[in-house]
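Enquirer: Output the structure for:
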Amino acid sequence: MSVEEQIQPQGQAAMQSLSDVASKSWFEYPVRAYPQHTDYAGVVWHGTYIAWMEAARIECLRTLGIGYADLVTLGCELPVVDLSIRYHRFLRMGMMAVVRTRLLGFEGVRINWDYQIQSQDAQELYVTAKVTLVAVDREKGKILRQLPATVQDVLARLSAAGNRSR
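Expert: Here you go, the predicted model:
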């Protein structure tokens, strides 16, 4: 079995994950601000929010059957090429939050994501962001002409399902 076949979402569980994420429109990833996430004043450092967004996006893809390690094995990287972030409020050490992410869509090898980091009760908005990734050949360091077929298929179905639920 090829690596690409291995990352093809398998069976009912993967399809359920795809439909769950698409029906909610947002994938939710809970986080807690630990001491290593903060500055000396106990306020979450600005770069921590970006790391949380990355973790949420990777976990979202994993639940859909696309493991990042599998992408690497395929020779594909998905580096960030554009990031727009707005800090509305800060979190302090010990506070919990929810990182919400969703696929906005993709064009060719450019994949666009939307983010919100908010309180667990959704009453406080801490951060909003948009991120664009691009598929790159790991060995050559050049932009791929197209996404791996299985990745493109999952993203197309997620994008179509998400557009129906908005």
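
Enquirer: does the residue most central in space within the chain belong to a helix or a strand, and which?
Expert: Residue closest to the average C-alpha location in the chain (CA atoms, centre = their mean): Arg57, at 1.5 Å. Assigned by DSSP states H and E, Arg57 belongs to helix 46-63.

Enquirer: residue ranges with poor pLDDT in this protein?
Expert: For the chain, applying pLDDT under 70 flags the ranges 1-24, 161-166.

Enquirer: Please repeat the previous calculation with a cut-off of 50.
Expert: Residues of the chain meeting the criterion pLDDT under 50: 1-16, 18, 23.

Enquirer: in it, which spans are strands?
Expert: Using DSSP state E, the strands of the chain run over 27-32, 76-77, 80-87, 96-107, 110-118, 125-134, 136-137.

Enquirer: okay, those in CSV with mean neighbour count and distance to Asp70 next?
Expert: Backbone N, C-alpha and C define where each C-beta goes, glycine included. Output for the strands of the chain, formatted as CSV (neighbours: other CB atoms under 10 Å; distance: least, CB to CB, whole Å):
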stretch, mean neighbour count, distance to Asp70
strand 27-32, 17, 18
strand 76-77, 17, 9
strand 80-87, 12, 19
strand 96-107, 20, 18
strand 110-118, 20, 16
strand 125-134, 18, 16
strand 136-137, 16, 16
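
Enquirer: Now render the ones you listed as CSV, adding distance to Asp153.
Expert: Supplementary listing: the strands of the chain in CSV, determined by distance: least, CB to CB, whole Å:
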stretch, distance to Asp153
strand 27-32, 18
strand 76-77, 14
strand 80-87, 22
strand 96-107, 12
strand 110-118, 13
strand 125-134, 17
strand 136-137, 20
